[in-house]
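Engineer: fold the following for me, if possible:
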Amino acid sequence: MKTNQFGILIVLALGLLVVCCDEENNKNNPPSSLAGELTGHSSCKNKRKSASLDSATPDSLSCIDYSFDEVSKKLSLRHMNAGFNCCPESLYCEIDLHQDTIIIQEFEEDGLCDCNCLYDLDFEITGVDADQYLVRFIEPYAGDQEEIIFGIDLEKDREGSFCVIRKQYPWGLDSLNP
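Structural biologist: Below you'll find the predicted structure:
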């Protein structure tokens, strides 16, 4: 009988320890209230005769412009020259916060053509605090080219930009055909 009571006490003590540890972890890593979505995108830029005339961003660059509104806690981003299929059924994204990293993963549904082209994508992320973050884009067609990953300090800089050079198809077509 005493063995059963001792066993029950040990189980209860371990259970209490687990609950206390979980509460402490939740205090140090509160759940994110960050939410984001793709709010719009351009049409395929490569189908126009000279996409470079329509944009200040050369097609050999993939760039992110961002702006932050502290009052509404909204971070707006524009990904210029994102590579996708020429005729996707739809474009969409998943946006997550992992510790101090905002991860934006871009997707297309049903690429219906045998070609790729460049698009400008607009994102809005709400629930963002004025803090320091690492922003990382995961792109379906970037392959082994330089990843878009950069730091932002929203306490100091409410807007900014970051670019990487891209030379593999569908990027860099204007530089190949002057």
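Engineer: CA only for contacts and neighbour counts going forward, please
Structural biologist: Noted.
Engineer: next SSE downstream of the helix or strand bottoming out on mean pLDDT in the chain?
Structural biologist: None of the helices or strands of the chain scores lower by mean pLDDT, DSSP states H and E than helix 51-54, at a mean of 45. As assigned by DSSP states H and E, the chain's next helix or strand after helix 51-54 is strand 61-69.
Engineer: same for that next one, what does it pack against?
Structural biologist: If contacts are counted by 3 or more C-alpha pairs under 8 Å, 6 or more residues apart in numbering; DSSP states H and E, strand 61-69 sits against strand 74-85, strand 159-165.
Engineer: quick one: closest of those strands to Cys113.
Structural biologist: strand 74-85 (6.6 Å; C-alpha to C-alpha).
Engineer: which stretches of this protein have low pLDDT?
Structural biologist: 1-32, 47-55, 174-178 (pLDDT under 70).
Engineer: if I look at the residue nearest the centre of the chain, how far off is Leu173?
Structural biologist: The geometric centre of the chain, computed from its C-alpha atoms, lies nearest to Ile104 (C-alpha atoms, centre = their mean), at 1.5 Å. As for Ile104, its distance to Leu173 is 26 Å (criterion: C-alpha to C-alpha, to the nearest Å).
Engineer: count of neighbours near Asp110?
Structural biologist: 12 (other C-alpha atoms under 10 Å).
Engineer: for it, pull up the helix or strand it's in.
Structural biologist: Going by DSSP H and E, Asp110 is in strand 101-111.
Engineer: that strand: partners in the sheet, and parallel or antiparallel?
Structural biologist: strand 88-98 (antiparallel), strand 132-138 (parallel) (DSSP bridges).
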